[in-house]
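Participant: let's see this in three dimensions:
(2 chains)
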Amino acid sequence: MNRQHAEIKLKNTFGFDLFHDEQWETIDLLFQGKRVLLIEKTGFGKSLCYQFPATQFDGVTVIFSPLIALIRDQVRGLNEKGIQARFINSEQSSEENSQTIQDAINGKVKILYIAPERQENQEWLDATRRMNLSMIVIDEAHTISVWGHDFRPTFRRIINLVKLLPNNLPVLATTATATKRVECDIEKQISGDITTIRGELIRENFELFVIKVSNEDEKLLWLGENLEGIEGTGIIYTGTRVNTEIYSRWLEFMGISTTEYNAGLDSDSRKEIEIGLMENRWKAVISTNALGMGIDKSDIRFIIHTQIPASPIHYYQEIGRAGRDGKPTKLILFYNKLKDDKGIEEDFKLPKAFIDGGRPSIKNYQKVINALKVEQLGERQLMKATNLNQTQVRVIKADLIEQGIIKEAVYGRSKKYEYQFNAPELNTKAFDELRQLKLTELHSMIDYVNLSTSRMEFLCDYLGDSTHNNYRNCDNTSLKPYSLNPSDSITNKLEEFRETYFPELSVESKSSNIVNGVASSYYGVSTIGAALHRSKYENGGDFPDFLLKLTLKAFRKRYGQEPFDLIVYVPPTESGDLVKNFAEKLSRVLKVPISHSLIKTGETKPQKVFKNGYLKRDNVSHKFDYSNLGEIAGKSVILFDDIFDSGATIKEIGNVLTRLGASKIAPLVIARTVGGDI
Amino acid sequence: MDKELSYWLALAHVPKVKTKRKNEIVVRFFEQGKSVIDFFHSEQSSWKSEFDLTDSETQLFKEAFSELSNYAFMVEDLLEQGYNILPITSKEYSPTLKKNLGRSYAPPVIYTKGNLQIMKEKSIAIVGSRKANDNSLTFTDNVAKKASKEYKVVVSGFAKGVDKQALDSALKYKGQSIIVLPQGISTFKSGFKKYYKQIIEGDVLVLSTFYPKAPWSVQLAMARNPIIYGLASEIYVAESSDKGGTWSGVMDGLRKGRTIYVRKPNPIEKNANGLLISKGAKPVDDLGNLSQY
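Facilitator: Residues are numbered from 1 along each chain as shown, chains lettered A, B, ... in the order given. Sure, this is the predicted structure:
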């Protein structure tokens, strides 16, 4: 098909008049059955490069894409144009996914988007044997490179697949962010005869700012004072899940409408927030980097980072979705430059910790290998056998599979990890190299923070776009830098917020009369963690009185003047009577009688010993009983403990008391930790 | 090499075309210094002139060509799960199998899991009835013991009776074994669990010549017999009746000119061992040593 002919069809099907030259160049190669790597910035029109040819081919085009929200919008758009497009991912029920697969087999689908993880799904793999496949597309292709900034193990399988595809099947890999090194790696991985087409990366409407602060409060203060003044709606990225909650509560406290978003939310809530974001329901969505990559919103007016990303590539990627309409858009990055006694800047620590903790220790790799030398094990069995958490097990097994030491075999519905005969030794050199690379990238991010020249030029350069443009629009060139001078009133507001904000404990379930509870603070966020630690592990005596005051405040905030019949406390594992004594004080102040009847029926170990939720649950399961049955039936109970971690203990006691007839169980703890894995 | 595998599967699983015809195509392109990829991508009109394909065979290969992408998905999945896919041109392919079955019968592709080196060792097969008597099972144990001592691999069809005894005895005496499956390799769930240790320690190789997802069937069980014979340098028969798998396997082997050793039966035993000996099989005593009839 020549270009003229194709553009007539383009007009008829998609309503556009013309292709850009680079679009046509790509499409023409795909028509010839070639392989193409397309590196173009957001907004270039990369998807048309596969959507158009897909409509011209006989069979189905399969697009591997991790961007669920974007796919949803694209599929809707394609269907409106009368193109048979569908998707398969975790957002749909398994019945819907099965139906989509059947339709694809029966030739009723032209464009099929699929999450990369599905390449591990047997139903999908079985179905691929019966589909008429005409093209394979890999979206966000930088993720297939280990040198890419967020390599995903499941993409390894897609690479292996591409290597096995027949020579005449067109393959398109697309990305907006690939350094030269990643580009070469993708070319090598996809192998065969591949053509790379690379465009310019400059985003002329971007206004780039860095705000250096000397403590964490200054970030909150600046946002509290200035966020409303920024035009439009946008996204604030925090480095951690807990900060999404804290920032959102603070801004809400200041009367600025926000919501928090992170990977800990269920898929319905996430979808709801994505829709709300599209509808400008809030001034800002406060999120970890779980949000945004796939949001198809053209007028995100600002993106603010309260923590630096891991590298300039991450940063370009994360701000990339903003301002697709070409109108002025603000990109603001905070950096806490306060140095500790070792001279390390505060905001360097979190990304550095991610790098250091990015890989489990070699000892843990060996644990997994040893366990698999004895028997084949599924993921849960492996977690139990090694006392490693799910994240660790997943990282380790992905690395071991990558190195050919173990494989994942599928038997019916179960997956088992198997050690391989003649497996190579664990190669730790590869880990060191990668760690070194990540450190270098992090230092480049610090370079961006401390830059005195054009920020956009720095980013384009870093990403391998060395074309010369008139780079401006940043606080180092044409724009006035933001300043920090918080008013007294906002400083007072923040103090007030600190004394009235209490984290929730989500423990509710249908089968239990337990309700969501409250903690007086996060464990690591304030002086509270240290105070608890002193009492528990350094013979510091009873928990100090300021904790009692704060806990009572949290209680009042959550439960108001609601009447309770009893206070029950969690019997200790190793810290003696601290919890009991504290509960007695609570009982006296609240004038709610205390019960000593909750007892342990079996030995438990401190929950912190266990690294995964399965073992934590096992540890407390059937270990509690209530010695005075008549006392509990029909009662409304406060359930007190010092620290809330995975919630397994509280939930288990909730179940026990529900069985014994308690009408309501209301958890109250001094501190909640952050980041229990299940 | 991996790149060729989708093409090899397409070739191996073309329906209705005999193994011999497939191997003839392989020999042709191999002799021309070409690969299976070159064959599939050559002008389809030249398949007739260069490879002597009939019109109906050309049609079948065309269909196979259109399924190459589908096979790519399948190959990726199999390799990911730790299976090996060995085309007949591969260095790893069992030389014994190739030599014994030749161009007419050697499968173009075999699927395995485990220590490939096992296929390079000297090997014996011990075959016989699913309902073998104690004499036969003792014989099997004796022969497996001797083989294991002499570092010979025991090839087992994994059926009840003699096959299973041969495998168990070989492992008992710290020998090595090949399990030849009457089914596709990815359907051997319980076996991979049971022999996990032996597989990862290199003492067992599991092998199948069938479509990887094919379930067990009588036809596949029958079709497996010549593969057992083909993988073995020596063949011992513990017990056979005058019909069924063992009988037809031995008769097939004798027709192909293989030397087959049959346990000399007691006069009171009701089996067809004697009949096989009269058809040309060599009699052996209870320890597997040649005896005079």
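Participant: which residues in the stretch 1-150 of chain B form helices?
Facilitator: Per DSSP state H, counting those that start in this stretch, the stretch 1-150 of chain B carries helices over the ranges B:5-12, B:19-31, B:36-41, B:46-51, B:55-66, B:68-80, B:95-105, B:134-149.
Participant: just how off-centre is the following helix or strand past the last one within its chain?
Facilitator: On the C-terminal side of helix B:134-149, the nearest following helix or strand under DSSP states H and E is strand B:153-156. Mean C-alpha position of strand B:153-156 versus that of the full chain (C-alpha atoms, centre = their mean, to the nearest Å) differs by 11 Å.
Participant: is strand B:153-156 anywhere near chain A?
Facilitator: No. Strand B:153-156 lies apart from chain A when judged by C-beta under 8 Å from any C-beta of the partner chain; the minimum separation is 14.8 Å. In short, each C-beta sits where N, CA and C put it, glycine included.
Participant: out of the helices of the stretch 1-150 of chain B, flag the one nearest A:Val109.
Facilitator: helix B:68-80 (15.4 Å; C-beta to C-beta).
Participant: do the closest one and chain A meet at all?
Facilitator: Yes. Using C-beta under 8 Å from any C-beta, helix B:68-80 reaches chain A at B:Leu68, B:Ser69, B:Asn70, B:Tyr71, B:Ala72, B:Phe73, B:Met74, B:Val75, B:Glu76, B:Asp77, B:Leu79, B:Glu80.
Participant: if we can go back for a sec, ranking the helices of the stretch 1-150 of chain B by burial, who's on top?
Facilitator: helix B:5-12 (a mean of 25; mean count of other C-beta atoms under 10 Å in any protein chain shown).
Participant: what angle do that helix and helix B:68-80 make?
Facilitator: Relative orientation of helix B:5-12 versus helix B:68-80 (axes from the mean of the first three to the mean of the last three C-alpha atoms, to 10 degrees): 110 degrees.
Participant: for residue 178, which three-state class applies?
Facilitator: No chain was given, so I picked chain A. Recorded secondary structure, A:Ala178: coil (DSSP: H, G, I helix; E, B strand; the rest coil).
Participant: nope, chain B
Facilitator: B:Ile178 ends up strand, using three-state DSSP.
Participant: low-confidence stretches in chain B?
Facilitator: For chain B, the stretches flagged by pLDDT under 70 are B:1, B:292-293.
Participant: spatially central, which residue of it would that be?
Facilitator: B:Ile227 (2.8 Å; C-alpha atoms, centre = their mean).
Participant: that one: what's it in contact with?
Facilitator: Going by C-beta atoms under 8 Å, 6 or more residues apart in numbering or on different chains, B:Ile227 touches B:Leu97, B:Leu101, B:Pro107, B:Val180, B:Leu207, B:Thr209.
Participant: from the stretch 151-293 of chain B, which residue is nearest to chain A?
Facilitator: For the stretch 151-293 of chain B and chain A, the shortest gap (C-beta to the nearest C-beta) falls at B:Lys189, measuring 3.9 Å.
Participant: which non-adjacent residue is nearest that residue?
Facilitator: Spatial nearest neighbour of B:Lys189, chain neighbours left out: A:Tyr411 (3.9 Å); criterion: C-beta to C-beta, 6 or more residues apart in numbering or on different chains.
Participant: and that neighbour, what pLDDT?
Facilitator: A:Tyr411 carries a pLDDT score of 90 in this model.
Participant: same check on A:Gly294?
Facilitator: 65.
Participant: check the one 5 residues further on too.
Facilitator: Listed pLDDT for A:Asp299 reads 94.
Participant: ok, now the one 3 residues further on?
Facilitator: Each residue has a pLDDT score; the one for A:Phe302 is 97.
Participant: quick one: it from chain B, how far?
Facilitator: 43 Å (C-beta to the nearest C-beta, to the nearest Å).
Participant: leaving out the residues flanking it, which one is nearest to that residue?
Facilitator: That would be A:Gly234: by C-beta to C-beta, 6+ apart, it lies 3.5 Å from A:Phe302.
Participant: same deal with A:Ala531?
Facilitator: Spatial nearest neighbour of A:Ala531, chain neighbours left out: A:Pro544 (5.6 Å); criterion: C-beta to C-beta, 6+ apart.
Participant: quick one: that neighbour from chain B, how far?
Facilitator: Taking C-beta to the nearest C-beta as the measure, A:Pro544 falls 56 Å from chain B.
Participant: A:Glu252 too?
Facilitator: Distance, A:Glu252 to chain B, by C-beta to the nearest C-beta: 47 Å.
Participant: state the number of residues packed around that residue.
Facilitator: Using other C-beta atoms under 10 Å in any protein chain shown, the number of residues around A:Glu252 comes to 17.
Participant: was I right about A:Ile308 contacting A:Asp347?
Facilitator: Yes. Using C-beta atoms under 8 Å, A:Ile308 is in contact with A:Asp347, at 5.8 Å.
Participant: quick check: pLDDT value at A:Tyr626.
Facilitator: In this prediction A:Tyr626 is given a pLDDT of 90.
Participant: assign the residue in the stretch 351-500 of chain A positioned nearest to chain B to one of the three secondary structure states.
Facilitator: Residue nearest to chain B within the stretch 351-500 of chain A: A:Lys407 (3.5 Å; C-beta to the nearest C-beta). Classification of A:Lys407 by three-state DSSP places it in strand.
Participant: any idea how far the residue nearest to it when sequence neighbours are not counted lies from B:Glu4?
Facilitator: The shortest distance from A:Lys407 to any non-neighbouring residue, by C-beta to C-beta, 6+ apart, is to B:Gly82 (3.5 Å). According to C-beta to C-beta, to the nearest Å, B:Gly82 and B:Glu4 sit 19 Å apart.
Participant: helices of the stretch 151-300 of chain A, start to end?
Facilitator: Read by DSSP H, counting those that start in this stretch, the stretch 151-300 of chain A holds these helices, from start to end of the chain: A:153-164, A:180-190, A:216-226, A:241-253, A:267-278.
Participant: the helix or strand harbouring A:Arg394 vs helix A:153-164, what angle?
Facilitator: Using DSSP H and E, A:Arg394 maps to helix A:390-402. Per the same axes, to 10 degrees, the angle that helix A:390-402 makes with helix A:153-164 is 20 degrees.
Participant: name the helices or strands packed onto helix A:390-402?
Facilitator: On a contact count with 3 or more C-beta pairs under 8 Å, 6 or more residues apart in numbering or on different chains; DSSP states H and E, helix A:390-402 meets helix A:153-164, helix A:362-374, helix A:379-386, strand A:406-411.
Participant: swap in 10 Å and give it another go.
Facilitator: If you count contacts as 3 or more C-beta pairs under 10 Å, 6 or more residues apart in numbering or on different chains; DSSP states H and E, helix A:390-402 packs onto helix A:153-164, helix A:362-374, helix A:379-386, strand A:406-411, strand A:414-419, helix A:429-449.
Participant: between the ones you listed, which one is nearest to A:Ala519?
Facilitator: That would be, of the helices and strands packed on helix A:390-402 and by C-beta to C-beta, helix A:379-386, which comes in at 26.8 Å.
Participant: what is the burial count for residue 2?
Facilitator: You didn't say which chain, so I picked chain A. Every residue meeting other C-beta under 10 Å relative to A:Asn2 is counted, giving 9.
Participant: oops, wrong one, chain B.
Facilitator: B:Asp2 is flanked by 12 other residues according to other C-beta under 10 Å.
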